[in-house]
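>>> got a structure for you, letters missing:
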């Protein structure tokens, strides 16, 4: 097969959303038949030990016939998350002062295990 068969079509319309180390690309492309479809690409930056970096990409191809159902499922899933957890981000990476409940319990146990009774008479 020729290399051109593996090349993607040129973007007709494109939007970029930056979100921390991730970047999302929403690109409208054209099929060989002249119809449009959407690609959603997540690109995430990773830093190597030597300071160099590389990107990992994941791509979804979404065709017109699936737009309505995809949109409905996406909306239901995001509505569920917001209803159950709210829109506040709860993550160690997003909140520097965030402490997992299990870490608090472990610290309390550690503090009590290392505690030594001291009497004033001992001083």
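Sure thing, it's come through. No experiment lies behind these values; they were computed from the predicted model shown.
>>> And the strands in the chain, which stretches?
Using DSSP state E, the strands of the chain run over 13-19, 22-30, 36-47, 53-63.
>>> For residue 76, which of those strands is the nearest?
Minimum separation from residue 76 across the strands of the chain (C-beta to C-beta) falls at strand 53-63, 16.6 Å. Bear in mind the C-beta positions are built from the backbone N, C-alpha and C, glycine included.
>>> what's the helix ranked longest in the chain in contact with?
What stands out as the longest helix in the chain, according to DSSP state H, is helix 67-85. Helix 67-85 is contacted by residues 38, 62 when judged by C-beta atoms under 8 Å, 6 or more residues apart in numbering.
>>> and with 6 Å instead?
Under the contact criterion C-beta atoms under 6 Å, 6 or more residues apart in numbering, helix 67-85 has outside partners residue 62.
>>> Next, the buried residues of it.
Within helix 67-85, no residue is scored as buried using 16 or more other C-beta atoms under 10 Å.
>>> Tell me what angle that helix forms with strand 53-63.
Angle of helix 67-85 versus strand 53-63, following axes from the mean of the first three to the mean of the last three C-alpha atoms, to 10 degrees, is 120 degrees.
>>> Give the rounded mean pLDDT of helix 67-85.
Per-residue pLDDT values over helix 67-85 give a mean of 97.
>>> what angle separates it from strand 36-47?
Using the same axes, to 10 degrees, the inter-axis angle of helix 67-85 relative to strand 36-47 is 40 degrees.
>>> Now mean neighbour count and mean pLDDT too, for the strands of the chain, in a markdown table please.
As requested, those are exported to a markdown table (neighbours: other C-beta atoms under 10 Å; pLDDT from 0 to 100):
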| stretch | mean neighbour count | mean pLDDT |
| --- | --- | --- |
| strand 13-19 | 10 | 96 |
| strand 22-30 | 15 | 96 |
| strand 36-47 | 14 | 94 |
| strand 53-63 | 11 | 95 |
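>>> any chance of those in a markdown table, plus distance to residue 75?
Below are those laid out as a markdown table (distance: least, C-beta to C-beta, whole Å):
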| stretch | distance to residue 75 |
| --- | --- |
| strand 13-19 | 17 |
| strand 22-30 | 16 |
| strand 36-47 | 15 |
| strand 53-63 | 14 |
